[in-house]
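Chemist: here is a sequence with its predicted model. Questions after.
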Amino acid sequence: MSKKRARLFLIAGTTLIVLAGSLWYWKKSRDAARPLNIVLIQKALDDTDFWTSVYLGGQTAAEEYNVNLTVEGPENEREIDAQNQMILDAIAARPDAIVLCPCSTDQTVPYAEQIEQAGIRLVLADSTMDQPMGSAVVATDNYAAGYKLGSYMKQFVKADSVIGIVGHVKGSSTAVGREAGFRAGLGEAGTQVAEIVFCDSDSDKAYEQTKDLLKKYPSMDLIVGLNEYSAVGAARAVRNQGKTGTIHMGSIDSSIKQIQFLESGVFDALVVQKPFNMGYLSVETAVDVTRGRKTETSIDSGSELITKENMYTQENQKLLFPVTK
């Protein structure tokens with residue numbers, strides 16, 4: 001081969017490499033610039049402060065990261081079949097990613113698997129499932145939240161104390177983690193837990209269950225609610241029976257009603273989740289995994305213990321009353 005021909009081949013090869021690199025860079029830049037389509041499927045689209053804050057956090061991230069965000073969710077956390085149908089509908093819409101807050105640890109699994117089988121990025125938020133899946137999980141460390149509550153409440157436990165727990169959805173990862181953490185936080189006093197009941201995230205049911213607990217255990221002097229629904233129902237029962245101050249109470253979550261119960265002395269403490277953070281971080285993480293960026297596989301959205309004594313600090317006021325635009 002002549003030197004002239006070899007030079008031509010070298011120039012042609014170099015040109016092809018430059019063109020290929022330019023095409024790759026152009027495609028990557030174009031993909032990075034286009035809006036992403038993401039579906040956020042919550043456990044519920046209701047008027048609770050928790051899910052409203054998750055929604056607002058997701059919307060804020062969507063505005064910041066140029067995302068077309070669709071938010072779906074059943075009327076309440078018990079409607080597993082309705083949520084599963086929403087998953088199928090979301091898959092059919094072919095979004096870039098789905099952020100899923102699974103209603104069930106087991107019944108949601110086959111539907112979540114279909115998300116990944118369809119080549120759609122999956123990020124879990126709030127809860128996990130029986131099988132590991134998804135690119136990342138954004139959630140409160142529920143064991144840590146329960147432990148904080150138990151560690152604080154054990155100061156009120158006497159040798160003859162009787163403790164009751166009002167949980168939300170039996171078997172859910174949030175319920176399991178919070179109960180285990182609460183019992184661990186109580187330490188040796190954990191043996192004084194007389195019973196745990198589950199209200200299926202229905203505050204009216206929690207109200208009736210708490211009345212039944214007080215009838216069954218007349219000397220019960222400490223009750224905790226493990227989420228907004230269970231806590232509000234239990235607090236109403238304690239207040240309506242005139243036992244405020246006689247029965248020590250604590251809860252997880254920070255709805256307006258729970259904050260009012262803390263101010264009035266029905267609750268001794270709240271462990272406040274950061275649902276706005278959860279919504280924001282889950283959408284942000286979905287953007288990152290879709291863009292091919294490296295992310296943590298487990299992201300703690302955080303929690304704080306708040307009492308009547310520290311609820312008015314500037315930092316805790318921001319947690320109790322998050323300001324969103």
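Modeler: Looks like it arrived, so ask away.
Chemist: what sits closest to the most centrally placed residue in the chain if chain neighbours are left out?
Modeler: Of all residues in the chain, the one closest to the mean position by CA atoms, centre = their mean is residue 126, 2.3 Å from it. Leaving aside its chain neighbours, residue 126 sits nearest to residue 101 (4.2 Å; criterion: CB to CB, 6 or more residues apart in numbering). Any C-beta I mention is one placed from the backbone N, CA and C, and that applies to glycine too.
Chemist: looking at it, that neighbour is touching residue 41, isn't it?
Modeler: Yes - proximity of residue 101 to residue 41 meets the contact threshold set by CB atoms under 8 Å, at 6.5 Å.
Chemist: give me the more crowded residue out of the two.
Modeler: residue 41 (27 against 24; other CB atoms under 10 Å).
Chemist: how close does the more buried one sit to residue 221?
Modeler: 41 Å (CB to CB, to the nearest Å).
Chemist: check residue 234 too.
Modeler: From residue 234 across to residue 221, the span is 14 Å (CB to CB).
Chemist: who has more neighbours, the two?
Modeler: Legend: neighbour count by other CB under 10 Å for residue 234 and residue 221, higher for residue 234 (33 against 18).
Chemist: Three-state assignment for that one, please.
Modeler: Under DSSP: H, G, I helix; E, B strand; the rest coil, the three-state class of residue 234 is helix.
Chemist: in a helix, residue 293, correct?
Modeler: No - counting by three-state DSSP, residue 293 is located in no helix; its state is coil.
Chemist: could you pull up phi and psi at it?
Modeler: Reported as degrees, to the nearest 10, the phi and psi values for residue 293 are phi -90, psi 150.
Chemist: now do residue 174
Modeler: With angles defined as degrees, to the nearest 10, residue 174 sits at phi -70, psi -40.
Chemist: isn't it right next to residue 125, touching?
Modeler: No - contact criterion CB under 8 Å: residue 174 and residue 125 do not qualify, at 11.4 Å.
Chemist: mutual contacts of those two, please.
Modeler: Common contacts of residue 174 and residue 125, defined by CB atoms under 8 Å, 6 or more residues apart in numbering, comprise residue 139.
Chemist: who has more neighbours out of the two?
Modeler: The neighbour comparison of residue 174 against residue 125 (other CB under 10 Å) goes to residue 125, with 31 against 24.
Chemist: give me the pLDDT value at the more buried one.
Modeler: Listed pLDDT for residue 125 reads 98.
Chemist: before we move on, back to that, distance of the residue nearest to residue 126 from residue 138?
Modeler: From residue 101 to residue 138 the distance is 10 Å (CB to CB).
Chemist: can you check residue 171 too?
Modeler: From residue 171 across to residue 138, the span is 21 Å (CB to CB).
Chemist: ok, the two, which is more surrounded?
Modeler: residue 138 (27 against 12).
Chemist: quickly run through the sheet partners of the particular helix or strand that has the more buried one in it, with directions.
Modeler: Using DSSP states H and E, residue 138 maps to strand 136-139. Strand 136-139 has these partner strands in its sheet, going by DSSP bridges: strand 121-125 (parallel), strand 298-300 (parallel).
Chemist: please consider this matter closed, and thank you.
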